[in-house]
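> give me a model of this one.
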Amino acid sequence: MTTRPLVTILDDEPAVRAMLSAALEEAGFRTRGFGRATEFEAALQTMSPDICLVDLSLPDRDGLSLVHRLALEKGATVIIISGRAQVQDRVTGLELGADDYIIKPFDPTEVVARVRARLRRDRPAHEAAQTASFNGWTAHFDRFTLEDSEGRETAFSHAEGEVLRLFLERPNRLVSRALMQEVLGGAAGESFDRAMDVRISRLRTKLREDPKNPRLIKTIYGAGYIFLGDVSWR
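Numbers count the residues shown, from 1 in each chain. Model prediction:
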């Protein structure tokens, strides 16, 4: 029997945790709720959630720093749920590695829909190749690292990995902004474009690209990007 996906809910409001748990469990998910970041981080030692719902206003920890750690160190899929509605807050959350951003107040059915959408995009390991080699690099999507020709590894976040996989699955082809939005999800607009720019800039840095003349990820102004390279999957 297939195990139901686990969704963790980190929010200091018991009513919010109860509401989300009820909606998600009715939709077929397992849930675990936490009111403080410390207890959530302790629980991560013995569990591997499929989706992490994270509020930014926590009593014992800055939510944004936790989002960054979850995305970079754990490779977790993170959806921020926050009352902070400013564009800059949304941009910052996405830049730090969050996969989606939902503003309070919200309809629980919207959260369920977003969770389902994320799980459809995050293909299981047995359905998707997890290692790609290109131009002296090896991308390990099972452990979220880039390995150079000398065996040195650099970590990348889950969100950066989504963008990298998108490029590596379409080498030498135009990847438009519209395609990125369609495949990666999220509302089109300034915050999405800014988040993509930041993720691509970070990938170029990790690939040791010259920012003025990148060899691998080329910007096609007004159209999108092209990844130039020969890619081998296994």
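> what helix or strand is the most centrally placed residue in the chain on?
By Cα atoms, centre = their mean, the chain has its centre lying nearest to A159, at 3.3 Å. Under the criterion of DSSP states H and E, A159 resides in helix 158-168.
> which other residues reach that helix?
With contacts defined as Cβ atoms under 8 Å, 6 or more residues apart in numbering, helix 158-168 is touched by 71, 75-78, 94, 97-99, 121, 132, 134, 139, 141, 144, 156, 175, 179-180, 183-184, 195-196, 199-200, 202-203, 206, 217, 225, 227, 231, 233. For every residue, glycine as well, the C-beta is placed using N, CA and C.
> if any of those residues are buried, give me the PyMOL selection for them.
To isolate the buried ones among the contacts of helix 158-168 in PyMOL, judged by 16 or more other Cβ atoms under 10 Å, type:
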select buried, resi 71+75+76+77+78+94+97+98+99+132+134+139+141+144+156+175+180+184+195+196+199+200+202+203+206+217+225+227+231
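> which ones among the contacts of helix 158-168 lie within strands?
V78, A132, F134, A139, V175, I217, Y225, F227, V231, W233 (DSSP state E).
> who touches the fifth one in this structure?
This points to V175. Per Cβ under 8 Å, 6+ apart, neighbours of V175: L166, F167, G224, Y225, I226, F227.
> tell me the least confident of these?
Within the contacts of V175, G224 has the lowest pLDDT, namely 87.
> pLDDT score for the residue nearest to that residue when sequence neighbours are not counted?
In this structure, G224 finds its nearest non-sequential neighbour in S176, 3.9 Å apart by Cβ to Cβ, 6 or more residues apart in numbering. Note on S176: pLDDT of 86.
> now do L53 against F40, distance only.
11 Å (Cβ to Cβ, to the nearest Å).
> who touches both of those two?
T8, L10.
> neighbours of L146, just the number please.
20 (other Cβ atoms under 10 Å).
> contact partners of the lengthiest helix in the chain?
Ranked by number of residues, the top helix in the chain under DSSP state H is helix 190-206. Contact partners of helix 190-206, identified using Cβ under 8 Å, 6+ apart, comprise 87, 90-91, 94-95, 101, 146, 154, 156, 159-160, 163-164, 177, 180-181, 184, 186, 211, 214, 216-217, 225.
> now do it against helix 158-168, angle only.
80 degrees (axes from the mean of the first three to the mean of the last three Cα atoms, to 10 degrees).
> now helix 190-206: average pLDDT?
Mean predicted lDDT for helix 190-206 stands at 85.
> do stretch 130-143 as well
For stretch 130-143, the per-residue pLDDT averages 92.
> now what about that stretch, what contacts it?
75, 125, 128, 145-149, 153, 161, 164-165, 168, 171, 207, 215-216, 229-234.
> buried residues in it, which are they?
Buried, per 16+ other Cβ under 10 Å, within stretch 130-143: A132, S133, F134, W137, T138, A139, H140, F141.
> among those, pick out the one closest to S21, please.
F141 (30.3 Å; Cβ to Cβ).
> what distance do you get for that closest one to R116?
On the measure of Cβ to Cβ, F141 and R116 end up 22 Å apart.
> check F156 too.
From F156 to R116 the distance is 25 Å (Cβ to Cβ).
> also D50?
Applying Cβ to Cβ to D50 and R116 gives a distance of 11 Å.
> now for the two: what residues contact both?
Joint contacts of D50 and R116 (Cβ under 8 Å, 6+ apart) do not exist.
> so where's this structure shaky on pLDDT?
Flagging of the chain using pLDDT under 70 yields the residue ranges 1-2, 72-75, 120-128, 185-191.
> how is it divided into domains?
6-121, 126-233 (automatic domain parsing).
> deepest of these, which one?
The highest mean neighbour count among the domains of the chain, using mean count of other Cβ atoms under 10 Å, belongs to domain 6-121: a mean of 18.
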